[in-house]
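In: This is a predicted model, with the sequence first.
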Amino acid sequence: MSTLAGTGTLLRFALRRDRVTTPAWLAVNALMVLSMPSTLRSLYGTDAERTDLVRQLQTNASYRALIGPLHDTSLGGLTAWRVGVYAGLLAAVTGLLVVVRHTRDEEESGRAELLASGAVGRRASLTAALLAAAVANAVLTLLVTAGLAAEGTAGALALGLGLGATGMVFATTAAIVAQFTESARLARGLTSAVLGAAFVLRAAGDSASDDGSSPWTWLSPLGWLENLRPFAAERWWVLLLFAAAMLLQAAAAYALAGRRDLGMSFFPTRPGPAAGRLGSAAALAWRLQRGGVLGWSLGFFLAGVVYGGLTEGAAGLVGDNDSARKIFERMGGQSGLTNAFLASMVGMLGLVAALYVVASVLRLSGEETSGRAEPLLAAPVGRLRWAAGHLTVAFAGAALIMLLAAAGFAVGYGRQVGPILGACLVQLPAVWVVGGVAVLLYGIAPRLAPAAWGVAAATLLIGWVGPALNAPRLVLDLSPFGHLPKLPGGGMEWGPVLTLTGLAAVLAGAGLVGLRRRDLTG
């Protein structure tokens, strides 16, 4: 039997399973990119404004580290500069999530072993996962190319191919990492760490050079993306770096996959603690999720340090650009540019925290579908007690990472420590509402639980793109974050905060009632 037998069937199954989550990620990414030209046209509509922007970037290493160097002042070039790195990050996250879900997740749950008992080749699962990632990145490439073609066909194609290639580089990275660990969660975490290192290398290189020529930039696939230079005399040969990385990593993943037993890994998971060391369901939940909490905590602290360090230069970068000032004020309130910048950055971290809480809540679904929950619940542990342990980690963990973000701002900015702490904490009711939706979907309709990612993606899209497009208040109010007071600088409004907190409690409670009454999926 061929080692690729059954690949087509597995690919169709993978695409069907991802019919909600992957389109949600692609929609956020594509809309973020395609919304930029109209926004940037209002921000930098004159030659004087664009010249001033170039001058600010040449002298502001911190903002180059955050966004990257500007290679061309056309609308297409401005779009590639403003969102290229972050669209690349989202493409990479989409690729790694798809591959890990259809390789290590399937082995961890036991479904891969069941399929392997039929006419399925040894490398069919890995091939189907990589093809599913390739389909997602091909769709992203087509959307970006078609959407930006009016700004220049060659530049639109270069940016689209660069984003798709970035997603595939990290998809093949995930394929390698999945061979080394038995835990899908650890595989996602390690690949995300590689992605974080790539971002840091690019940032370090861009802070040292204003044209992307630093050796540190060239060590990162995200640096390759910006050095492809869409809309700025495209360097097509840079695509060869992406192709080489993809082929080498895919070959390594295939070689490793052929040298291990199904369900095993080269670095097996260390056996758990002896009996008695975990005395409660909450302790077990913490043990299972502590790696993720620590990783998110470190990331939010570092983000706070970076954004805090950029605060002093916010006024200088915006300068006299009224349009840019208005966008910051729509995101962060009308209380002075510095406070508006702080409020908008804290709000962005709150939106990202919603992704954490969804991932943590859906760990319940993973434990149930993998079969690990059933023997645990056969002991004297009730469903509510079991679920409460994971939900405590999810909701309290969201509070922890926002507290650490505030600590990062205190280190990076060193001023307004109390107001910034309040601004970070006021994001929690909206984060908890998104988490409550995830609990509700899991509790009453476990097959629809992945749709919680769509809810999180929608809030992310409204929060990031809505203010830039001057979206109507009705649209912004669809997100729970649209009802929060704009702190620091704005007035504290307890009504929306308490209402959102109550709504989160009701959603989570309804989900727990549903979990208690339904059968386990097994």
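Out: Perfect, thanks for sending it. Numbering: from 1, shown residues only.
In: Just name whatever secondary elements the helix or strand hosting residue 197 is in contact with.
Out: Counting by DSSP states H and E, the element that carries residue 197 is helix 184-208. When contacts are defined as 3 or more Cβ pairs under 8 Å, 6 or more residues apart in numbering; DSSP states H and E, helix 184-208 sits against helix 61-67, helix 75-102, helix 104-109, helix 153-177, helix 215-218, helix 221-227, helix 281-310, helix 363-369. (C-beta placed from N, C-alpha, C; glycine too.)
In: In TSV: those, plus mean neighbour count and distance to residue 21.
Out: Output for the helices and strands packed on helix 184-208, formatted as TSV (neighbours: other Cβ atoms under 10 Å; distance: least, Cβ to Cβ, whole Å):
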stretch	mean neighbour count	distance to residue 21
helix 61-67	19	27
helix 75-102	26	8
helix 104-109	23	12
helix 153-177	26	14
helix 215-218	18	32
helix 221-227	27	23
helix 281-310	19	18
helix 363-369	21	12
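In: what's the closest of those to residue 392?
Out: Judged by Cβ to Cβ, the one of the helices and strands packed on helix 184-208 that comes nearest to residue 392 is helix 281-310, at 5.9 Å.
In: relative orientation of that closest one and helix 184-208 in degrees?
Out: Orientation of helix 281-310 against helix 184-208 (axes from the mean of the first three to the mean of the last three Cα atoms, to 10 degrees) gives an angle of 10 degrees.
In: hang on, the earlier thing: dump the helices and strands packed on helix 184-208 to TSV, plus mean pLDDT and distance to residue 260.
Out: Formatted as TSV, the helices and strands packed on helix 184-208 follow (pLDDT from 0 to 100; distance: least, Cβ to Cβ, whole Å):
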stretch	mean pLDDT	distance to residue 260
helix 61-67	74	40
helix 75-102	89	16
helix 104-109	76	10
helix 153-177	94	12
helix 215-218	91	33
helix 221-227	93	26
helix 281-310	85	22
helix 363-369	84	22
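In: three-state assignment of residue 231?
Out: coil (DSSP: H, G, I helix; E, B strand; the rest coil).
In: mind checking how far it is from residue 412?
Out: Counting by Cβ to Cβ, to the nearest Å, the gap from residue 231 to residue 412 is 32 Å.
In: Look at these two and report which has more neighbours.
Out: residue 231 (24 against 20; other Cβ atoms under 10 Å).
In: so where is the stretch 101-250 of the chain shaky, pLDDT-wise?
Out: Judged by pLDDT under 70, the stretch 101-250 of the chain has its weakly predicted residues at 109, 112-118, 121.
In: Pipe the helices and strands packed on helix 184-208 into JSON lines and attach distance to residue 123 per row.
Out: What follows is the helices and strands packed on helix 184-208, written out as JSON lines (distance: least, Cβ to Cβ, whole Å):
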{"stretch": "helix 61-67", "distance to residue 123": "40"}
{"stretch": "helix 75-102", "distance to residue 123": "13"}
{"stretch": "helix 104-109", "distance to residue 123": "13"}
{"stretch": "helix 153-177", "distance to residue 123": "11"}
{"stretch": "helix 215-218", "distance to residue 123": "32"}
{"stretch": "helix 221-227", "distance to residue 123": "25"}
{"stretch": "helix 281-310", "distance to residue 123": "29"}
{"stretch": "helix 363-369", "distance to residue 123": "24"}
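In: Give the buried residues for the helix holding residue 197.
Out: For helix 184-208, the neighbour count (16 or more other Cβ atoms under 10 Å) marks 184-192, 194-195, 198-199, 201-207 as buried.
In: ok, for residue 226, nearest residue in space, not its chain neighbours?
Out: Spatial nearest neighbour of residue 226, chain neighbours left out: residue 68 (4.8 Å); criterion: Cβ to Cβ, 6 or more residues apart in numbering.
In: With residue 483 instead?
Out: Distance criterion Cβ to Cβ, 6+ apart; nearest residue to residue 483, sequence neighbours excluded, is residue 496 at 4.3 Å.
In: just checking, that neighbour touches residue 485?
Out: Yes: using Cβ atoms under 8 Å, residue 496 is in contact with residue 485, at 7.0 Å.
In: Those two: which is more packed in?
Out: Set side by side, residue 496 and residue 485 show more neighbours around residue 485, with 19 against 16, by other Cβ under 10 Å.
In: do you know how far the closest residue to the more buried one other than its chain neighbours is from residue 473?
Out: Leaving out its chain neighbours, the residue that sits closest to residue 485 by Cβ to Cβ, 6+ apart is residue 493, at 4.4 Å. To residue 473, residue 493 is 16 Å away according to Cβ to Cβ.
In: Which one's more surrounded, these two?
Out: Neighbours per residue (other Cβ under 10 Å) separate residue 493 from residue 473, with residue 493 holding more: 14 against 8.
In: Nearest to residue 462, out of the helices and strands packed on helix 184-208?
Out: Distance to residue 462, taken as Cβ to Cβ, is lowest for helix 75-102 among these, at 15.6 Å.
In: before we move on, back to that, residues touching the residue nearest to residue 483, list them.
Out: Taking Cβ atoms under 8 Å, 6 or more residues apart in numbering as the criterion, residue 496 is in contact with 429, 483-485.
In: And the helices and strands packed on helix 184-208: which comes nearest residue 37?
Out: Nearest to residue 37 among the helices and strands packed on helix 184-208 is helix 75-102 (4.8 Å), distances taken as Cβ to Cβ.
In: For that closest one, name the packing helices and strands.
Out: Using 3+ Cβ pairs under 8 Å, 6+ apart as the test, helix 75-102 ends up in contact with helix 7-17, helix 21-34, helix 36-43, helix 61-67, helix 124-148, helix 153-177, helix 184-208, helix 221-227.
In: roughly how far is the last one from the heart of the chain?
Out: Relative to its chain's centre, helix 221-227 lies at 19 Å (Cα atoms, centre = their mean, to the nearest Å).
In: So residue 506 sits against residue 439, correct?
Out: No: between residue 506 and residue 439 there is no contact under Cβ under 8 Å: 10.5 Å.
In: Just want to know which of the two has more residues nearby.
Out: Taking neighbours as other Cβ under 10 Å, residue 506 and residue 439 compare with residue 439 leading, 31 against 13.
In: from the chain's centre, how far out does the helix or strand where that one lies sit?
Out: Residue 439 is part of helix 428-444 when elements are defined by DSSP H and E. Here the centre of helix 428-444 is set off from its chain's centre by 18 Å, with Cα atoms, centre = their mean.
In: What's the first helix or strand after it?
Out: Downstream of helix 428-444, the first helix or strand assigned by DSSP H and E is helix 451-465.
In: Quick one: list the elements packing against that next one.
Out: Judged by 3+ Cβ pairs under 8 Å, 6+ apart, helix 451-465 is in contact with helix 21-34, helix 337-361, helix 428-444.
In: what mean pLDDT would you report for that helix?
Out: For helix 451-465, the mean pLDDT works out to 83.
In: Could you export it as PDB, CA atoms only?
Out: C-alpha atoms of helix 451-465 as PDB (Å, rounded to 0.1, in the frame of the first residue of the first chain):
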ATOM      1  CA  ALA A 451     -17.300  28.500  16.400                       C
ATOM      2  CA  ALA A 452     -16.000  30.300  19.500                       C
ATOM      3  CA  TRP A 453     -12.900  31.100  17.500                       C
ATOM      4  CA  GLY A 454     -15.100  32.800  14.900                       C
ATOM      5  CA  VAL A 455     -16.600  35.000  17.700                       C
ATOM      6  CA  ALA A 456     -13.100  35.900  18.900                       C
ATOM      7  CA  ALA A 457     -12.000  36.600  15.300                       C
ATOM      8  CA  ALA A 458     -15.000  38.800  14.700                       C
ATOM      9  CA  THR A 459     -14.300  40.900  17.900                       C
ATOM     10  CA  LEU A 460     -10.700  41.200  16.700                       C
ATOM     11  CA  LEU A 461     -11.700  42.300  13.300                       C
ATOM     12  CA  ILE A 462     -14.200  44.900  14.600                       C
ATOM     13  CA  GLY A 463     -11.700  46.200  17.200                       C
ATOM     14  CA  TRP A 464      -8.700  46.500  14.800                       C
ATOM     15  CA  VAL A 465     -10.300  47.500  11.500                       C
END
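In: All set now, cheers.
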